[in-house]
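J.: sharing a model prediction with you, sequence too.
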Amino acid sequence: MFRLMSDPTRLRIILACLTKPVAVTEMAQGLGLSASLVSHHLRLLRAARLLQADRQGRQVFYVVGDDHIRSMLTDMVDHVAEEADEPDGA
């Protein structure tokens, strides 16, 4: 799981799906990546059960479906933001 999240592109994809379901095309545009590259990474993330997929018509929406994963990533983002807010040398 951590090996999959260590890839910067996959981590960006997971973080994009942290708070709400996101379609592949919307995710690709928002991250500046091709839809095929995003789909490739999504396949790996779904297989590892880091993301869940929900088909609505022709579109598939992806979201972090596990509360433990969501909490861990939210804590990580909060921690990084705290470090960025601290003055140098603190």
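T.: Received it, and whenever you're ready, just let me know what you need.
J.: drop to CA atoms for contacts and neighbour counts, all remaining ones
T.: Will do.
J.: which residue is nearest the middle of this structure?
T.: With distances taken as C-alpha atoms, centre = their mean, residue 14 lies nearest the centre of the chain, 0.8 Å away.
J.: may I ask you to name the longest helix in the chain?
T.: helix 67-85 (DSSP state H).
J.: what is the mean pLDDT for that one?
T.: Mean pLDDT, computed over helix 67-85, is 88.
J.: need the residues that contact that helix.
T.: For helix 67-85, the external contacting residues (C-alpha atoms under 8 Å, 6 or more residues apart in numbering) are 15, 18, 50, 64.
J.: which parts of that helix are buried?
T.: 69-70, 73 (16 or more other C-alpha atoms under 10 Å).
J.: in a markdown table, list those along with distance to residue 56.
T.: Putting the buried residues of helix 67-85 into a markdown table (distance: C-alpha to C-alpha, whole Å) gives the following:
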| residue | distance to residue 56 |
| --- | --- |
| 69 | 24 |
| 70 | 23 |
| 73 | 26 |
